[in-house]
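*Asks:* Okay, sequence plus prediction incoming.
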Amino acid sequence: MLVPTPALLVTQEAVKQREMAMDRNLSGFLIGCVGAAVTLLAYNQTIMSTTQCITAGLLILVFGLFVKEGFISF
């Protein structure tokens, strides 16, 4: 049976932190892609006005930035 050493615990904790950062970056990237798509589709749809669509896209992009920076957990 292996007894965890302090070096092993530090390594495991570093791996967990790295995985959480990667998850945050991926979530922020995917949300940003959705925001960019909404912004770019502003001129090709008739459901919302152009201004409303651009505003919604920018708000989604800001939300993605907040997720990536860790201000909001998603």
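*Replies:* In hand now; what should we look at? Residues are numbered from 1 along each chain as shown.
*Asks:* Name the residue closest to the centre of the protein, please.
*Replies:* G28 (1.4 Å; Cα atoms, centre = their mean).
*Asks:* Check the secondary structure at it for me.
*Replies:* Secondary structure assignment for G28 (DSSP: H, G, I helix; E, B strand; the rest coil): helix.
*Asks:* how much space between the residue nearest to I54 when sequence neighbours are not counted and C33?
*Replies:* In space, and not counting its chain neighbours, I54 is closest to A42: 4.9 Å by Cβ to Cβ, 6 or more residues apart in numbering. Bear in mind the C-beta positions are built from the backbone N, C-alpha and C, glycine included. Going from A42 to C33 by Cβ to Cβ, to the nearest Å gives 16 Å.
*Asks:* Could you give the backbone dihedrals for Q45?
*Replies:* Per-residue torsions, Q45: phi -140, psi 160 (degrees, to the nearest 10).
*Asks:* what number of residues lie near it?
*Replies:* 10 (other Cβ atoms under 10 Å).
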